[in-house]
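A.B. asks: Have a look at this prediction, sequence included:
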Amino acid sequence: MAADSGKKPSANGGKAPAPNSGSIAKRLPRIALVFLVALVYRQLQAPPPKIPGTPGGPPITSPRIKLQDGRHLAYYESGVPKDQATYKIIFMHGFDSCRYDVLRVSPELAQELGIYLLSFDRPGYGESDPHPGRTVKSLALDIEQLADALELGPKFYLTGFSMGGNVMWSCLKYIPHRLAGVAILGPVANYWWSGYPANVSTEAWNVQVAQDKWAVGVAHHAPWLTYWWNTQKFFPGSSVISFNPAIMSREDMGLIQAKFGYRTYAHQVRQQGEYESLHRDMVVGFGKWSWSPMELEDPFPNGEGKVHLWHGAEDLIVPVELSRYISRRLPWVRYHELPTAGHLFPIADGMPDVILKSLLLGDDE
């Protein structure tokens, strides 16, 4: 018979003691909360941009200039050679575009008038370095440095489309002494600029599709959510980013089908990532400005230059109501409204020539 070991049987029939499940249960909500916060934080943080010319970044294929803060801007030249030009024009591309999306002036007009066109990738697009500290003012100063680096002279012309048109107002405020004339094409407007009557801004706001009201509102009120809002899959983000056909007018759809085949460079537009290009555009453009375009004074009081504002009456991306009102508030702006045009009128056949002849020669030419 086996000897007695002297051990007493446990109260639970010889099984090991149960862990203190009560204390674990109390800690589970805290652990879950920490996990949830970490998950949310990760979702809110945009991945770092793929900076051109760095390991893992896209190659550099275009000429670039170096700015005072060390960033680079990639640029593209078209028209006549710079040293033969009578008119030197800097073009600023729109949202989700790059340096190659320049006004396609006819070779005949470029030669006849001596037009040199310089376009560049705005920060974070194409091959221009991102600028996390970008502000309403900084891009105007970038343009001035670009003009000086390429020796365009004391004055030059500016043309900007869509979100690039939005930046034209900044140039009129911060570098008016460098401008010979400006053409603003279908400019994105900020619904919160001071000076808009409530009925005007409300009417324009309601032209937008519902998903854009949310996307624009987030960019203005909660810019830290912009990346997540436009990349999550629960509900739609910006209709422009997602190419929603509901925002295209009849003429815009025709232009996309006829013209967008040439954009063989389209892969370059977002190659650094969407945050420092598309989302940064939204945060700055729709953010809180310390001033309003409606406060600007005539940059050409002696008639030495003109500011032209163009807009399509059927624009479903940027409501025309806002440009109409600005043109009434600023009598020195020459306003051109195109009755059947949508947002993409600058790429319509013949329109680049019409726009530039008006800018350089006057409306009657």
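C.D. replies: Okay, I see it.
A.B. asks: going forward, measure contacts and count neighbours with C-alpha atoms only.
C.D. replies: OK.
A.B. asks: show me where the protein has helices.
C.D. replies: 21-44, 107-113, 138-149, 163-174, 198-205, 210-221, 226-229, 250-259, 280-285, 320-329, 351-361 (DSSP state H).
A.B. asks: Quick one: the strands in the stretch 1-150 of the chain, in order.
C.D. replies: Assigned by DSSP state E, counting those that start in this stretch, the strands in the stretch 1-150 of the chain fall at 64-66, 72-79, 87-92, 115-120.
A.B. asks: Which one of those lies nearest to residue 315?
C.D. replies: Evaluated over the strands of the stretch 1-150 of the chain, closeness to residue 315 peaks at strand 87-92, with 19.4 Å, by Cα to Cα.
A.B. asks: what stretches of the stretch 1-150 of the chain score poorly on pLDDT?
C.D. replies: Counting by pLDDT under 70, the stretch 1-150 of the chain has low-confidence residues at 1-44.
A.B. asks: change it to 80
C.D. replies: Within the stretch 1-150 of the chain, the segments meeting pLDDT under 80 span 1-45.
A.B. asks: rewinding a little: now render the strands of the stretch 1-150 of the chain as JSON lines, adding distance to residue 227 and mean neighbour count.
C.D. replies: Formatted as JSON lines, these follow (distance: least, Cα to Cα, whole Å; neighbours: other Cα atoms under 10 Å):
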{"stretch": "strand 64-66", "distance to residue 227": "28", "mean neighbour count": "17"}
{"stretch": "strand 72-79", "distance to residue 227": "24", "mean neighbour count": "21"}
{"stretch": "strand 87-92", "distance to residue 227": "24", "mean neighbour count": "24"}
{"stretch": "strand 115-120", "distance to residue 227": "24", "mean neighbour count": "24"}
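A.B. asks: Redo these as CSV? Include distance to residue 156.
C.D. replies: As requested, the strands of the stretch 1-150 of the chain are exported to CSV (distance: least, Cα to Cα, whole Å):
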stretch, distance to residue 156
strand 64-66, 18
strand 72-79, 15
strand 87-92, 6
strand 115-120, 10
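A.B. asks: Of all those, which one is nearest residue 328?
C.D. replies: When the strands of the stretch 1-150 of the chain are compared by Cα to Cα, strand 87-92 sits nearest residue 328, at 24.6 Å.
A.B. asks: and that closest one, what does it pack onto?
C.D. replies: strand 115-120, strand 156-161 (3 or more Cα pairs under 8 Å, 6 or more residues apart in numbering; DSSP states H and E).
A.B. asks: Of all the strands of the stretch 1-150 of the chain, which one comes closest to residue 131?
C.D. replies: Counting by Cα to Cα, residue 131 lies closest to strand 72-79 out of these; the figure is 9.9 Å.
A.B. asks: Taking helix 138-149 as reference, get the angle to that closest one.
C.D. replies: 60 degrees (axes from the mean of the first three to the mean of the last three Cα atoms, to 10 degrees).
A.B. asks: Report all helices and strands that strand 72-79 contacts.
C.D. replies: strand 64-66, helix 107-113, strand 115-120.
A.B. asks: hang on, residue 135 packs against residue 282?
C.D. replies: No: applying Cα atoms under 8 Å, one finds residue 135 not in contact with residue 282, separated by 11.4 Å.
A.B. asks: who's more crowded, those two?
C.D. replies: residue 282 (23 against 17; other Cα atoms under 10 Å).
A.B. asks: per-residue pLDDT, the more buried one?
C.D. replies: If you check residue 282, the pLDDT there is 97.
A.B. asks: Could you do residue 232 as well?
C.D. replies: On pLDDT, residue 232 comes in at 88.
A.B. asks: OK, contacts around it?
C.D. replies: Contacts for residue 232 (Cα atoms under 8 Å, 6 or more residues apart in numbering) come out as none.
A.B. asks: Including distance to residue 219, could the helices and strands packed on strand 87-92 go into CSV?
C.D. replies: Converted to CSV, these look like this (distance: least, Cα to Cα, whole Å):
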stretch, distance to residue 219
strand 115-120, 25
strand 156-161, 20
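A.B. asks: Tell me which of the ones you listed lies nearest to residue 47.
C.D. replies: It's strand 115-120; of the helices and strands packed on strand 87-92, that one is closest to residue 47 (Cα to Cα) at 24.3 Å.
A.B. asks: So which residues make contact with that closest one?
C.D. replies: 73-82, 85-93, 98-100, 102, 109-110.
A.B. asks: Any idea how far that strand is from the middle of the chain?
C.D. replies: Put simply, strand 115-120 sits 20 Å off its chain's centre (Cα atoms, centre = their mean, to the nearest Å).
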